[in-house]
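Q: I would like to see how this sequence folds:
(one chain, ligands or ions: 1)
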Amino acid sequence: MKILVMNSGSSSLKFQLFNKEGLTVVASGLIGAIGEPLGLVSIRYLDGKGHEQHIELKDRIVDHRDAIEIMMKLFQEKQILSDVTQLAGVGHRVVHGGEAFHEPTLVTNDVLTEIHKLTPLAPLHNPVNITGIEVVMEKVPCVPQVAVFDTAFHQSIPEHAYLYALPYSLYKEQRVRRYGFHGTSHAFVSKAAAEYLGKPYEDLKCITLHLGNGASAAAIDHGICVDTSMGFTPLEGLVMGTRCGDLDPAILFYLVREIGMDINEMDTLLNKKSGLKGICGNNDMRSISKLAEAGDRQALLAFHIFCYRIKKYIGSYLAVLGGADCLIFTGGIGENAVSVRATCLAGLENLGLTLDPQKNNNRSDAIMEIQSDSSPCKILVVPTNEELEIAHQTLALIG
Ligand code: ADP
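A: Numbers count the residues shown, from 1 in each chain. Coordinates of the predicted model:
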């Protein structure tokens, strides 16, 4: 029997198929550029002899429904899942669970209705997550499905940290508050770190830094999330590939008054044209690091703005937690960008964080410790695996 995990973004579908027994990966893939003139389908799978195969196709992929049809057809053609009755369950990443969902939840019609109601809070994501659930319901109605919410891990954040200093009625009537995102990743890496350190999760005080195209930090106190940098939407907090992160909201009034910018232009500006891209025209940390090393001033500036914001969040979360047992780097940048880790930790020795430059240069697919022997706080690089975490949560609920 197999467990299928679907992780839909606004224009992509990531998927992994696991053996229910031991949760080993049978196939994984990405269908990207959905809705664009030329989409990409990439899938790796183990054939009948256990050899890894790779297929890459370019085709027009109309929408997420089409992407799921393509995935299912490939599963059948390549005999990865010749019969859908082999599916024991399907786990979905659902971006917004609002205040309704504190934990992974077995999908029922009522749950689906509730996820629909949360669409205004995540207009680009919840609809495509819903499509995934609905298509599976149509094709294999008796297979149990589990929704794993990006926001759920952060529902433990206390009121004083999730409320904005806005009129309280905006929270009561419109549910304007901090929700936080990337919860599955923050949960996965913090639990993996506790296991690695041999510490009960309930005793762990840590700061997690998920640094990918989207980036967020979380403060976890005795295994409970108490603050996170993303807010009402994923725009707040750290500097990201194309998102600005923290900003003085009055800048928006100024842009409206002085240059007549409208709401859609502001949305595009802050979400798509800002962050690393806004400063240096590039949102890929690999290229930015190379350009910065070669002396490109704008790339170097973008790099430093990115690292400085992370440093500020580390300091503020050390204050929130009253010190931490460990700091965790994850995500494409957190796991790979040696110079980002070094720059945002420089000068934090008196706060208990001392990096070992040699260990920081190491590379590994497993968890790595990169602090010096004298550092009271451990510094770990923990590869994230949201799909595996969703598979675990799905298995736990379907039994
Ligand atoms: P997403 O949020 O889309 O899942 P990822 O977690 O894959 O993104 O992170 C993508 C980011 O990681 C990109 O900025 C990419 O340049 C960066 N990255 C990946 N590998 C490296 C590397 N070896 N050095 C520096 N940055 C890297």
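Q: Counting neighbours, what do you get for Pro357?
A: 10 (other CB atoms under 10 Å). In short, each C-beta sits where N, CA and C put it, glycine included.
Q: Could you pull up phi and psi at the nearest residue to it once chain neighbours are set aside?
A: Sequence neighbours aside, Ala342 is the residue nearest to Pro357 in space, at 6.8 Å (criterion: CB to CB, 6 or more residues apart in numbering). For Ala342, the backbone dihedrals (degrees, to the nearest 10) come out as phi -70, psi -40.
Q: ok, now which ones touch Ala342?
A: 355, 357, 360 (CB atoms under 8 Å, 6 or more residues apart in numbering).
Q: tell me the pLDDT at the spatially most central residue of the chain?
A: For the chain, the residue sitting closest to the mean C-alpha position, by CA atoms, centre = their mean, is His182 at 3.6 Å. Among the per-residue scores, His182 holds a pLDDT of 96.
Q: And stretch 107-127, end to end?
A: Its first and final residues considered, stretch 107-127 spans 15 Å by CA to CA, to the nearest Å.
Q: what comes up buried for it?
A: For stretch 107-127, the neighbour count (16 or more other CB atoms under 10 Å) marks 107, 111-112, 114-115, 118, 121-122, 125-126 as buried.
Q: And those residues, which is closest to Leu87?
A: Each of these was checked against Leu87 using CB to CB; the closest is Val107, at 13.9 Å.
Q: and whatever residue of the stretch 251-399 of the chain ends up closest to the ligand, how many neighbours?
A: Using CB to the nearest ligand atom, the point where the stretch 251-399 of the chain gets nearest to the ligand is Gly332, with a distance of 2.1 Å. Here the number of neighbours of Gly332 (other CB under 10 Å) works out to 17.
Q: Check the residue nearest to it when sequence neighbours are not counted and give its pLDDT.
A: Spatially, and ignoring its direct neighbours in sequence, Gly332 is nearest to Gly212 (4.7 Å; CB to CB, 6+ apart). The pLDDT attached to Gly212 in the predicted structure is 94.
Q: picking up where we left off before, pick the one among the contacts of Ala342 closest to Gly295.
A: Using CB to CB, the shortest approach to Gly295 within those belongs to Pro357, at 22.0 Å.
Q: which phi and psi does the closest one have?
A: For Pro357, the backbone dihedrals (degrees, to the nearest 10) come out as phi -60, psi -30.
Q: go on, Glu77?
A: Dihedral pair for Glu77: phi -60, psi -40, per degrees, to the nearest 10.
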